[in-house]
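1. turn this into a model:
(one chain, ligands or ions: 1)
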Amino acid sequence: MVIEHNVSLQPFNTFGLNAKAKSYCNITDETVLTEVLKTKKNQPLFILGGGSNMLLTKDIEALVLHISLRGIEVVNQTNNTVLVKAKAGENWHQFVLWCLEHNYGGIENLSLIPGNVGTSPIQNIGAYGKELKDVFESCEAISVKDQEKRIFTKSDCKFGYRESVFKQELKDEYIITSVTFKLTKSNHILHTDYGAIKQQLEAFNITEPTIKDVSNAVIAIRQSKLPDPKEIGNSGSFFKNPVISMNQFKKLQANFPEVPSYKVSDDLVKVPAGWLIEQAGFKGKRFNDYGVHNKQALVLVNYGNAKGSDIYKLAQLIQITIKRIFDISIETEVNII
Ligand code: EPU
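-> Numbering: from 1, shown residues only. I've put the predicted structure just below:
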């Protein structure tokens, strides 16, 4: 076990923020993970995955365990389905590409989402009409308290919109070490209903798309709207889309007839936070080294040397403004550290 001190986390968070870890251990082996958890029992710990869903507003006064477990294997298959197990430290998009190379379908709509496999169930990543839960079979996790390994089934995870048990009652209690996905080997079920995918496939002149074509369409759409964290620091959607009551939605619509919406149930409606933020005038606004992306108002960006605390202040200003104008509270999707 190699423990380093005073380590910059800048390369390990997609916002590219220069916060420091008091101590840092890169975990490439499960036995080392168990050993660290046993020997460092009384020390505060901070679990770091792909660093794609957090805003570091300060240095981390803890031992940062960077989960870098690697490996992908097929664990079972039938004629039409395959169970693929990927270790937590595999990069999500590289995993999607591996599945596409093997013609395994089910996660093509989730192409190019930043982050790692191990953190994908924590917030039930989703895009273009698909969510992780649709292909999730199980995950393995180690208890921080007693190092017991536990297998979580789909129902154990209590998945919701960008939600799971790992963000709620079991927050910080388990470290996910691998995730098993149930994918298709043939007769893939394509989800191209999301408007932009259809248009993109048409633009590619593709009438009978394969899973690779759907992935390419998603990649093209994402690249046209979302900043690449390697070029401009960001964490994808900074806020969740708020879900409001039908009554509240009707009032909103009376004042803003053009408001886009998705019906969640007879009583609930989801409103795109990106639209609210754009209407409030924040889209493309830049303050020194940070701001709101000019092509997708849901994304906050670090243009260079911004401080996490400044980005957080901007996020709070956006929340207060949205509340004032629309009487809607928007929650952060990103974890504020
Ligand atoms: N919109 C605006 N202005 C903006 C952005 C969006 O008016 O600046 C409007 C659009 O015109 C559209 C609606 O909002 O009517 C929805 O926009 P979009 O399709 O871009 O999706 P989103 O709801 O803003 C969600 C996810 C994204 C995911 C896309 C596509 C959340 C919080 N975000 O964004 O996820 O890629 O749908 O499925 O649910 C992420 O989680 O990091 C992420 C990027």
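2. following the lengthiest helix in the chain, which helix or strand shows up next?
-> Taking DSSP state H as the assignment, the helix of the chain that covers the most residues is helix 308-326. As assigned by DSSP states H and E, the chain's next helix or strand after helix 308-326 is strand 335-336.
3. who touches that following strand?
-> 53, 54, 55, 57, 312, 315 (Cβ atoms under 8 Å, 6 or more residues apart in numbering). Just so you know, the C-beta spots here come from the backbone N, C-alpha and C atoms, and that holds for glycine as well.
4. next, the buried residues of the longest helix of the chain.
-> For helix 308-326, burial by neighbour count (16 or more other Cβ atoms under 10 Å) applies to 308, 310, 311, 312, 314, 315, 318, 319, 321, 322, 326.
5. now the second one. Nearest residue, chain neighbours left out?
-> The reference is to residue 310. Take residue 310 and drop its neighbours on the chain: the residue closest to it by Cβ to Cβ, 6 or more residues apart in numbering is residue 290, 5.6 Å away.
6. check the last one too.
-> Distances taken as Cβ to Cβ, 6+ apart place residue 276 nearest to residue 326, at 5.8 Å, with adjacent residues excluded.
7. so how far is residue 336 from that neighbour?
-> Separation of residue 276 from residue 336 (Cβ to Cβ, to the nearest Å) stands at 20 Å.
8. and the longest strand seen in the chain, average pLDDT?
-> Assignment by DSSP state E gives strand 174-184 as the longest strand of the chain. Strand 174-184 carries an average pLDDT of 98.
9. before we move on, what about stretch 196-211?
-> pLDDT averaged over stretch 196-211 gives 94.
10. so how far does it reach from one end to the other?
-> 16 Å (Cα to Cα, to the nearest Å).
11. does any part of that stretch sit near the ligand?
-> No - shown here: stretch 196-211 not in contact with the ligand (Cβ under 6 Å from any ligand atom), separated by at least 6.6 Å.
12. what about that stretch, distance to the chain center?
-> The chain centroid and the centroid of stretch 196-211 are separated by 25 Å, computed with Cα atoms, centre = their mean, to the nearest Å.
13. returning to that earlier point: does the longest strand of the chain pack against any helices or strands, and if so which?
-> Packing partners of strand 174-184 (3 or more Cβ pairs under 8 Å, 6 or more residues apart in numbering; DSSP states H and E): helix 30-39, strand 60-67, strand 81-87, strand 136-143, strand 149-153.
14. right, and the helix or strand after it?
-> The helix or strand immediately downstream of strand 174-184 is helix 195-203, counting by DSSP H and E.
15. hmm, who's touching that next one?
-> Helix 195-203 is contacted by residues 109, 128-129, 191-192, 207, 209, 213-214, 217-218, 220-221 when judged by Cβ under 8 Å, 6+ apart.
16. in ChimeraX, how would I select the buried members of those residues?
-> To isolate the buried members of the contacts of helix 195-203 in ChimeraX, using 16+ other Cβ under 10 Å:
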select :109,128,192,209,213,214,217,218,220,221
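17. give me the subset of the contacts of helix 195-203 lying in helices.
-> Those of those lying in helices (DSSP H): 213, 214, 217, 218, 220, 221.
18. OK, contacts around the last one?
-> Going by Cβ under 8 Å, 6+ apart, residue 221 touches 128, 196, 197, 200.
19. okay, those in TSV with distance to residue 86 next?
-> Listed next are the contacts of residue 221 as TSV, based on distance: Cβ to Cβ, whole Å:
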residue	distance to residue 86
128	21
196	27
197	24
200	27
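20. closest to the ligand out of the contacts of helix 195-203?
-> Checking the contacts of helix 195-203 against the ligand with Cβ to the nearest ligand atom, the nearest one is residue 128 at 4.4 Å.
21. cool, thanks, signing off.
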